[in-house]
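> Model the following, please.
(2 chains)
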There are 2 protein chains.
Amino acid sequence: MTMLPPELLAALHFRYATKAFDSTRKIPAETWDAIEQSLVLTPSSFGLQPWKFLVIENPEIRETLKAASWGQSQVTDASHLVVLTARTDLDKADIDSWVARLSEVQGTPLEALAGLSGMISSFSSSMSASEKQAWNTRQVYIALGQLMTAAAVMGIDTCPLEGISPADYDTILELNGTGYATAVACVLGYRAATDKYATAPKARFAAEKVIGRV
Amino acid sequence: MTMLPPELLAALHFRYATKAFDSTRKIPAETWDAIEQSLVLTPSSFGLQPWKFLVIENPEIRETLKAASWGQSQVTDASHLVVLTARTDLDKADIDSWVARLSEVQGTPLEALAGLSGMISSFSSSMSASEKQAWNTRQVYIALGQLMTAAAVMGIDTCPLEGISPADYDTILELNGTGYATAVACVLGYRAATDKYATAPKARFAAEKVIGRV
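Numbering: from 1, shown residues only, chains lettered A, B, ... in the order given. Model prediction:
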């Protein structure tokens, strides 16, 4: 069953950056599983998936992360917290690992994927170390976009968290040296009845300002 | 009507990077309007919306852009082509324009938004010119993620296009000097019956590799 245009728009209007979550409500297991699968299914350039998504279940670690997030209550009050991390590199092992997986899933001989492998290698070698990490981080933002939209169409509230200290997150989550670094975080759950932002008019620029026609 | 978890997953499995579009099929007006509105409604950090989305309707310009896209046939064959551009700066005018819009839509006096304005200014002034553009570009990737997911839940096919020459796009679309630069493009429409990629098994890393638990 696909959504009709008005249903999609209702879901996107339902969505807002939830500031106050109902800490007593948990996302049901089947819904959460679909959210995790939506992260796994996120599209990425070349299919490389240069990311790892950390679901933070430990309440003490969530408390510690809250302190690295300007004390935003969502970090501990929301049903779930995901930290979206980006690969810090794009090296031969990354490419080989992806091509091997593609070969395995699609039953394509590795030799037949040599062209793809060469194309990704050539793309990768055109970038500096910092450009690679920036490119990987952009891919992670596709995941953030898909995550918030996927949640919204199922009636789940979210709040993206850019106002965090990625360096502190990396320390708390012991990411340094792992080849992954915190890009952004997102909490998911259910809005509190008291969240005044829930009823604020949705503020966006007029379509004429952001949509152009050529 | 929200989606049930299996419906969301069906939509995400339906989605793939469509390589061959049916050039005879056009997205109906009501559906396309919802897609444009989904772009307008994309969330962004601070709500700044540092982007402009160009819907390329002119067939000759689409032909020219195809040449700047390694000749990928989707650029001309798909029903619609959107070029997602990012603001190249984040200056006082951007902040003032956003705060004024917020005041207008939410009926909040400008004085009451001085704190927000100061916070964004302080954030912006902590970044170099290239960091600002990189930050804006990451926001645009949220839009790309939401766009592909929004289309998929309505049964519309997409193909993100990173394999383009942004500099050539900027020249063709006369973006130089406008304060916006091409970040990425996306085509939308309907898969051709002949697209062999439509039936290829979806290849992603195993969930255990990309989802971690802490």
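
> Which strands or helices does the helix or strand hosting A:Leu9 pack on?
Assessed by DSSP states H and E, A:Leu9 sits inside helix A:5-14. Here helix A:5-14 touches helix A:129-153, helix B:29-40, helix B:129-153, going by 3 or more C-beta pairs under 8 Å, 6 or more residues apart in numbering or on different chains; DSSP states H and E. The C-beta positions use only the backbone N, C-alpha and C, and glycine is treated the same way.

> Check whether the last one comes near chain A.
Yes. Counting by C-beta under 8 Å from any C-beta of the partner chain, contacts between helix B:129-153 and chain A involve B:134, B:137-139, B:141-150, B:153.

> Let me know the angle separating that helix from helix B:29-40.
150 degrees (axes from the mean of the first three to the mean of the last three C-alpha atoms, to 10 degrees).

> Run through the neighbouring helices and strands of helix B:129-153.
Against helix B:129-153 (3+ C-beta pairs under 8 Å, 6+ apart) you get helix A:5-14, helix A:129-153, helix B:5-14, helix B:29-40, strand B:51-55, strand B:80-87, strand B:157-161, strand B:180-189.

> Any buried residues in that helix, and which?
Residues of helix B:129-153 classed as buried: B:132-153 (neighbour count, 16 or more other C-beta atoms under 10 Å in any protein chain shown).

> count of residues packed around A:Leu113?
Counted with other C-beta atoms under 10 Å in any protein chain shown, the neighbours of A:Leu113 add up to 17.

> show me the contacts for the nearest residue to A:Glu36 once chain neighbours are set aside.
Leaving aside its sequence neighbours, A:Glu36 sits nearest to B:Ile211 (C-beta to C-beta, 6 or more residues apart in numbering or on different chains; 5.6 Å). Going by C-beta atoms under 8 Å, 6 or more residues apart in numbering or on different chains, B:Ile211 touches A:Glu36, A:Leu39, A:Val40, A:Lys52, A:Phe53, A:Leu54, A:Val55.

> residues touching the last one, list them.
Applying C-beta under 8 Å, 6+ apart, one finds that A:Val55 lies in contact with A:Glu36, A:His80, A:Leu81, A:Val82, B:Ile211, B:Gly212, B:Arg213, B:Val214.

> now the residue of chain A found nearest chain B, nearest residue through space, not along the chain?
Closest to chain B within chain A is A:Gly145: 2.3 Å, counting by C-beta to the nearest C-beta. Of all residues not flanking A:Gly145 in the chain, B:Gly145 sits nearest, at 2.3 Å (C-beta to C-beta, 6+ apart).

> Does A:Pro160 touch B:Ser44 like I think?
No. Shown here, A:Pro160 and B:Ser44 do not form a contact pair, counting by C-beta atoms under 8 Å, at 9.0 Å.

> which neighbours do the two share?
Common neighbours of A:Pro160 and B:Ser44 are listed as B:Ile142 (criterion: C-beta under 8 Å, 6+ apart).

> Just confirm A:Trp32 contacts A:His80, I think it does.
Yes. Applying C-beta under 8 Å as the test, A:Trp32 and A:His80 come out as touching, 6.6 Å apart.

> the more surrounded of these two?
For A:Trp32 and A:His80, the more surrounded residue by other C-beta under 10 Å is A:His80, and the numbers stand at 21 against 17.

> The residue nearest to the more buried one when sequence neighbours are not counted bridge partners, please.
Computed as C-beta to C-beta, 6+ apart, the closest residue to A:His80 that is not its neighbour in sequence is A:Leu188, at 4.7 Å. Taking DSSP bridges as the rule, A:Leu188 bridges to A:His80, A:Thr158.

> care to break chain A down by domain?
Domain assignment for chain A by automatic domain parsing gives A:5-89+A:134-192, A:91-126.
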